[in-house]
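Give me a model of this one.
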Amino acid sequence: MTSTAPELRPEPPHSPDDRSLTEFGYRQELHRSLSRYASFAAGFSFISVLTTVFQFFAFGYAFGGPVFFWTWPAVLIGQLLVAACFAELAARYPISGSIYQWSSRLSNRTFGWFAGWIMVIGQIVVVAAAALALQMVLPAIWSGFQLVGGDPTPTSPTGAANAAVLGVLLLILTTFVNVLDNRVLSIVNRVGVTAEIIGAILIIVLLLTHSERAPGITFHMAEGSTDLLGALLVGSFMAAYVMIGFDSAGEMSEETRHPRRTAPRTILTALGAAGLLGGLLVLGGLLAAPSLTDGRLGVDGLSYVLTSSLGDGVGRFLLADVVVAITVATLAIQTSACRMLFSMARDGRLPFAGRLAKVNPRTGMPTAPALVVGALAAALLLLNFASPEAFLAIGTTCIVMLYLAYAMVTGPLLVRRLQGTFPSAGTDETGKPLFSLGRWGIPVNALALFYGLFMTINLAWPRAEVYDPAGGHWWFQWFTVLFLLATLAAGTTYHLLRDHRARSGANGAPVPPSQP
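Numbers count the residues shown, from 1 in each chain. Model (predicted):
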């Protein structure tokens, strides 16, 4: 094993990367120690195919049947369009709080603030959703992990309650790491991502070598289903949930060496690698499942396939690797939310901004944001005690929030392109041209925006059969819409009360420009 010391050594305070940050009105406070692989790990671990595919495979199959596989390449193409736009922005604005910073500079400070507000609330919900994924894996490894009741199914009352308990325990761990040290965070992230990639490849190979049927099964719908379009629209939830967070490589720009060159590449490679591995994982699960009609695939998902097809010993060993992936994913998502809070607070644009913007000079970590994100995510997990439907409500809500925030970047970016005011030229830290879509910028950007808005509406649509299948809980059917409206209302109230102070740059906080 090679030494990691060179990768973790912070750069001198007057490096070109640090000077680049001062051009945007900020001073270097976070420790700039992340290499290209660490930057890739930030994006890949947020996506975390093992976490998210295992968490939502059962849901996708239950509504779509085998044909839901084809929603994977469709969503991957759409998200690659968005990622290409983000890669351009990461090269030009290598700043923490990427969505907030990009939207502010492409549109105006108010619109950008709402993009950041929606994004950070969405990230907190994603943290909670990722922590819930432990319930899909730990009880399948050992029944002793079912600490509450006897039924481990996440949609049962005892399964939902146990998911909340396991999730809170995980959040305590990830919050501790997020306040510990920048170097420890980087090591845990890289080791975890390496283990996840190796584990994913091993699972894929074993599933494909234990196939029970031909790939043609992916053209079949669920038994008794006749609504192909509806099956695909709902089945796409899994792929949409998996392939978010690739912008985390841009989120960590202030901690990455040579971010103008590194972040654009790692945004695209993280999504591409996750898209390939995740698609093969879904296909392998469908081909290796002992049965497609006994009902277990739509309830227990891939955990059932692994333990049934590969045997308890091998299956549980591989599920242990999934636990590592879930842990690192929750850690990475929480880190990304912390950087968003830090970036907005640094501009004096959040309550208690002074505390949230403070960086521990020894660890290079903003401590207060980690505690806030951990506490709020844990509070959301308490919804699982109210009803098992909260598991799905939390998951779909976080996707909608992030998709909407993404559209609040690709929308203004398209306007700037059409106006001819988007800076397509420039060089990175080494003097090489910045990543650019060139003449493909407008069509790629337009398609990315259309895709994002379409999926936002699709995911938020209050389908009773999806969000309230048992009936009697109308608030779960409308949970995503209500949560989004509450987020906007809270943001509007705060913004109206404090905007005059932010506009004046109170307390010496830098104010992000409305133009690049």
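
got the contact list for the residue nearest to the spatial centre of the chain?
For the chain, the residue whose C-alpha lies nearest the mean C-alpha position (C-alpha atoms, centre = their mean) is Gly245; its distance is 3.3 Å. For Gly245, the contacting residues are Gly43, Phe46, Ile47, Val126, Ala332, Ile333, Ser336, Leu402, taking C-beta atoms under 8 Å, 6 or more residues apart in numbering as the criterion. Glycine gets a C-beta too; all of them are placed from N, C-alpha and C.

Could you rerun that using 10 Å?
Applying C-beta atoms under 10 Å, 6 or more residues apart in numbering, one finds that Gly245 lies in contact with 42-48, 52, 123, 126, 130, 251, 270-271, 274, 329, 332-333, 336, 402.

what about it, which SS state?
Each residue gets one of three states, and Gly245 gets coil by DSSP: H, G, I helix; E, B strand; the rest coil.

Adjust the sequence numbering to begin at 2 for everything that follows.
All set: I'll call the first residue 2, so the last point we hit is now Gly246.

hmm, who's touching stretch 437-454?
Applying C-beta under 10 Å, 6+ apart, the contact partners of stretch 437-454 are 75-76, 78-89, 92-93, 265, 403-419, 423-427.

Sort out which residues of that stretch are buried, please.
Of all the residues in stretch 437-454, those buried under the rule 16 or more other C-beta atoms under 10 Å are Ser437, Leu438, Gly442, Val445, Asn446, Leu448, Ala449, Leu450, Tyr452, Gly453, Leu454.

quick one on the thing from earlier: narrow the contacts of Gly246 to those in helices?
For these, membership in helices holds for 43-48, 53, 124, 127, 131, 252, 271-272, 275, 330, 333-334, 337, 403, with DSSP state H as the criterion.

between the buried residues of stretch 437-454, which is closest to Val189?
The closest of the buried residues of stretch 437-454 to Val189 turns out to be Gly453 (C-beta to C-beta; 31.4 Å).

what's downstream of the helix or strand hosting the closest one, the next helix or strand?
In the assignment (DSSP states H and E), Gly453 maps to helix 442-461. Counting by DSSP H and E, the element after helix 442-461 in chain order, helix or strand, is helix 465-468.

Show me what that following helix is packed up against.
Applying 3 or more C-beta pairs under 10 Å, 6 or more residues apart in numbering; DSSP states H and E, one finds that helix 465-468 contacts helix 50-65, helix 229-243, helix 391-420, helix 475-478.

what's the distance between it and the middle of its chain?
24 Å (C-alpha atoms, centre = their mean, to the nearest Å).

try stretch 253-273
Relative to the centre of its chain, stretch 253-273 is centred 16 Å away, using C-alpha atoms, centre = their mean.

Show me what the mean pLDDT comes to for it.
Averaged across stretch 253-273, pLDDT comes to 92.

Next: stretch 28-35.
Stretch 28-35 shows a mean pLDDT of 84.

residues of it that come out buried?
By neighbour count, with 16+ other C-beta under 10 Å as the criterion, the buried positions of stretch 28-35 are Gln29, Glu30, Leu31, His32, Arg33, Ser34, Leu35.

Output the residues you listed in a markdown table; the columns should cover distance to Leu298 and secondary structure.
Formatted as a markdown table, the buried residues of stretch 28-35 follow (distance: C-beta to C-beta, whole Å; DSSP: H, G, I helix; E, B strand; the rest coil):
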| residue | distance to Leu298 | secondary structure |
| --- | --- | --- |
| Gln29 | 50 | coil |
| Glu30 | 49 | coil |
| Leu31 | 44 | coil |
| His32 | 46 | coil |
| Arg33 | 46 | coil |
| Ser34 | 44 | coil |
| Leu35 | 39 | strand |
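
Nearest to Thr195 among these?
Closest to Thr195, out of all of the buried residues of stretch 28-35 and judged by C-beta to C-beta, is Leu35, at 15.1 Å.

residues in contact with that closest one?
By C-beta under 10 Å, 6+ apart, the neighbours of Leu35 are 8-9, 41-43, 183-184, 186-187, 190-191, 250, 253-258, 260, 263-264, 267.

next one: Leu357
Listed by C-beta under 10 Å, 6+ apart, the contact set of Leu357 reads 339, 342-347, 351, 367-370, 372-373.

Check which helix or strand the closest residue to it other than its chain neighbours maps to.
Leaving aside its sequence neighbours, Leu357 sits nearest to Ala346 (C-beta to C-beta, 6 or more residues apart in numbering; 3.5 Å). Ala346 belongs to helix 313-347 when elements are defined using DSSP H and E.

for that helix, which positions count as buried?
Along helix 313-347, these residues count as buried under the neighbour rule (16+ other C-beta under 10 Å): 316-317, 319-320, 322-347.

What's the local residue count around Leu382?
Residues contacting Leu382 under the criterion other C-beta atoms under 10 Å number 25.

Cross-check the contact I'm expecting between it and Gly168.
Yes: in this structure, Leu382 sits in contact with Gly168. The criterion is C-beta atoms under 10 Å, and the distance is 4.7 Å.

Common neighbours of these two, please.
Taking C-beta under 10 Å, 6+ apart as the contact rule, Leu382 and Gly168 both touch Val128, Ala129, Ala130, Ala132, Leu133, Ile395.

As TSV, these with pLDDT would be great.
Listed next are these as TSV, based on pLDDT from 0 to 100:
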residue	pLDDT
Val128	93
Ala129	90
Ala130	87
Ala132	91
Leu133	88
Ile395	78
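
Mind giving me the ChimeraX command for buried ones among those residues?
Here is the ChimeraX command that picks out the buried ones among these, judged by 16+ other C-beta under 10 Å:
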select :128,129,130,132,133,395
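
now the shared contacts of Leu382 and Gly168 as a markdown table including distance to Lys433?
Conversion of the shared contacts of Leu382 and Gly168 to a markdown table gives the following (distance: C-beta to C-beta, whole Å):
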| residue | distance to Lys433 |
| --- | --- |
| Val128 | 36 |
| Ala129 | 41 |
| Ala130 | 38 |
| Ala132 | 40 |
| Leu133 | 43 |
| Ile395 | 43 |
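
Pick the one among the shared contacts of Leu382 and Gly168 closest to Ala487.
Of all these, Ala487 sits closest to Ile395, with 14.2 Å by C-beta to C-beta.

Which one of the buried residues of stretch 437-454 is nearest to Gly355?
Taking the buried residues of stretch 437-454 together and measuring to Gly355 by C-beta to C-beta, the closest member is Gly453, at 34.3 Å.

Quick check: the nearest residue to the closest one once chain neighbours are set aside vs Gly375, distance?
Nearest-residue entry for Gly453: Ala408, 4.1 Å, with adjacent residues in sequence omitted and distances by C-beta to C-beta, 6+ apart. Per C-beta to C-beta, to the nearest Å, Ala408 is found 28 Å from Gly375.

Flag the shaky bits of the stretch 2-151 of the chain, pLDDT-wise.
2-21 (pLDDT under 70).

now the helices: where do they sit in it?
Shown for the stretch 2-151 of the chain, the helices assigned by DSSP state H, counting those that start in this stretch span residues 6-9, 17-23, 37-48, 50-65, 72-93, 99-107, 110-133, 139-142.
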